[in-house]
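Peer 1: The following comprises the amino acid sequence and a computationally predicted model.
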Amino acid sequence: MGTPSRQARWAGSLSGALAVAALVAGCSSAPATTSGPSVVWLCRPGLADNPCTADLTATAVGTDGSTAIETPAPAADPAIDCFYLYPTVSQQKTQNSDLKIEAEESRAARAQASPFSPVCRVYAPMYRSLTSRALGVYSSITKEEGAIAYSSVLAAFHEYLASYNGGRGIVFIGHSQGAWMLEALLKNELDGNPELRRLLVSAILVGGNVAVPTGKVLGGDFANIPGCTTQTQVGCIVAYSSFSEPPTSDAWFGRVDQRVNPFIDLAYSSDLQVLCTNPASLSGGSGVLEPHILTEELLFQGILHQTGIQTPWVTYPQEYSARCEAAHGASWLQIDVIAGTAETREVIPAPNGPGYGLHNVDIAIALGNLVKLVGEQGAAFKG
């Protein structure tokens, strides 16, 4: 995904490309779910086909192999909103995706955003993301292509503020490319704007390599938005990259010397490190994770060992623990199987090798923790 030389490609401001990007984004065709000339909502309250209010029924598989059914449901009128951006999922053959809703975006929204529907109203725009093809050859991406993607998110965010927000608190949720994009949006729109920043409940920027001064939670990428250190803190960031073993020297996540972001200029300094906030124990130390994973994803990977599971979700209580670690220029969320866990339960693999760690399941591995955290932060925000 990235090397320091690739990072250097993004020196200078994106502002010169934004005008071009706005014109290109404005010419995109939009399906029936469009609410403006260039804004298409993948998820929004009231949509007939809304993947962010999917069935959340889950089978909890215990350490002894026993099962129990959990039935969380979307809230009728939650107090806060969530603004979600999906990761790199588009398989289109262009550099930037169009705004057509396809199976990949809907599946990502179900997997990562729908579990938050019991604690917030979920808004998720389609955006002209960099495709899997584009990111497969990162050096081919131009500033204009990065700006096309960013301008489509900016248009959606402005429409959300003007038409739907009504002064409600906002939780920003993004993974991988979605986290990159939200880091740019927060830096440009909220970090230096106290009026908008007062709406910030929290930002969950997972697998995006947010940088802070070593040993600190504020500074680096953001001047006014710190990392979260308590469950009821608001106006803060939850960020981490998960690994089951220490990142290698060329790992794409957890290292400031390897990080890239095609939507924002990145600072590099040996005094910076990637922010790690443990969603299972924000104050520090180790905590127990609450993974929630779509059953179809486990079936696809061929690692669903339990038979007879009919629910859309599977969860594995008391199987994994997490703690933040820092060593050899890297900082990451270390994921371990809890000692004594029954070997019959799934152990989530790292399918893309040590450079990625557990990137593909960054959110799933701690989804229950993140949903509980957003609920507590929302209550604290409402006061």
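Peer 2: On my side now, so go ahead. Residues are numbered from 1 along each chain as shown.
Peer 1: give me the element I293 is part of.
Peer 2: Following DSSP states H and E, one finds I293 within strand 292-294.
Peer 1: Give me the neighbour count for the closest residue to D221 other than its chain neighbours.
Peer 2: Of all residues not flanking D221 in the chain, A211 sits nearest, at 5.0 Å (CB to CB, 6 or more residues apart in numbering). For the C-beta atoms, the positions are set from N, CA and C on the backbone; glycine is no exception. Around A211 there are 24 other residues, counting by other CB atoms under 10 Å.
Peer 1: Also I80?
Peer 2: I80 - counted by other CB under 10 Å - has 23 other residues nearby.
Peer 1: Would you mind confirming that it is in contact with G378?
Peer 2: Yes: using CB atoms under 8 Å, I80 is in contact with G378, at 4.3 Å.
Peer 1: which residues are common contacts for the two?
Peer 2: V119, C120, G169, V171, V201 (CB atoms under 8 Å, 6 or more residues apart in numbering).
Peer 1: how about these in TSV, adding secondary structure?
Peer 2: Converted to TSV, the shared contacts of I80 and G378 look like this (DSSP: H, G, I helix; E, B strand; the rest coil):
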residue	secondary structure
V119	coil
C120	coil
G169	coil
V171	strand
V201	strand
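Peer 1: which ones are touching I170?
Peer 2: Contacts of I170 by CB under 8 Å, 6+ apart are I80, D81, C82, F83, L199, L200, V201.
Peer 1: For the second one, which residues are in contact?
Peer 2: The reference is to D81. C120, R121, V122, Y123, Y164, N165, R168, G169, I170, V171.
Peer 1: got the residue ranges for the strands in the stretch 101-250 of the chain?
Peer 2: 121-125, 170-175, 200-206, 211-213, 236-238, 242-243 (DSSP state E, counting those that start in this stretch).
Peer 1: May I see those strands organised as TSV, with distance to Y316 and mean pLDDT added?
Peer 2: Below are those laid out as TSV (distance: least, CB to CB, whole Å; pLDDT from 0 to 100):
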stretch	distance to Y316	mean pLDDT
strand 121-125	24	98
strand 170-175	20	98
strand 200-206	19	98
strand 211-213	31	96
strand 236-238	21	98
strand 242-243	15	94
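Peer 1: how close does A211 get to R255?
Peer 2: 10 Å (CB to CB, to the nearest Å).
Peer 1: between the two, what contacts are shared?
Peer 2: By CB under 8 Å, 6+ apart, the residues touching both A211 and R255 are V274.
Peer 1: for L130, what are its contacts?
Peer 2: T88, Q95, N96, S97, I141, E145, G146, A149, Q177, P262.
Peer 1: which one of those residues sits closest to W41?
Peer 2: The shortest approach to W41 among those belongs to S97, at 15.4 Å (CB to CB).
Peer 1: Pull the contacting residues for the residue nearest to the closest one when sequence neighbours are not counted.
Peer 2: Leaving aside its sequence neighbours, S97 sits nearest to S90 (CB to CB, 6+ apart; 3.8 Å). Contacts for S90 (CB under 8 Å, 6+ apart) come out as S97, E102, E104, E105, S129, T131, S132.
Peer 1: you'd agree the last one is up against V89?
Peer 2: Yes: the pair S132 / V89 is scored as a contact, 7.3 Å apart, by CB under 8 Å.
Peer 1: who's more crowded, those two?
Peer 2: V89 (20 against 16).
Peer 1: Validate this expectation: the more buried one resides in a strand.
Peer 2: No: under the criterion used here (three-state DSSP), V89 is coil, not part of a strand.
Peer 1: how far away is it from D55?
Peer 2: 21 Å.
Peer 1: Right, I'll call it a day here.
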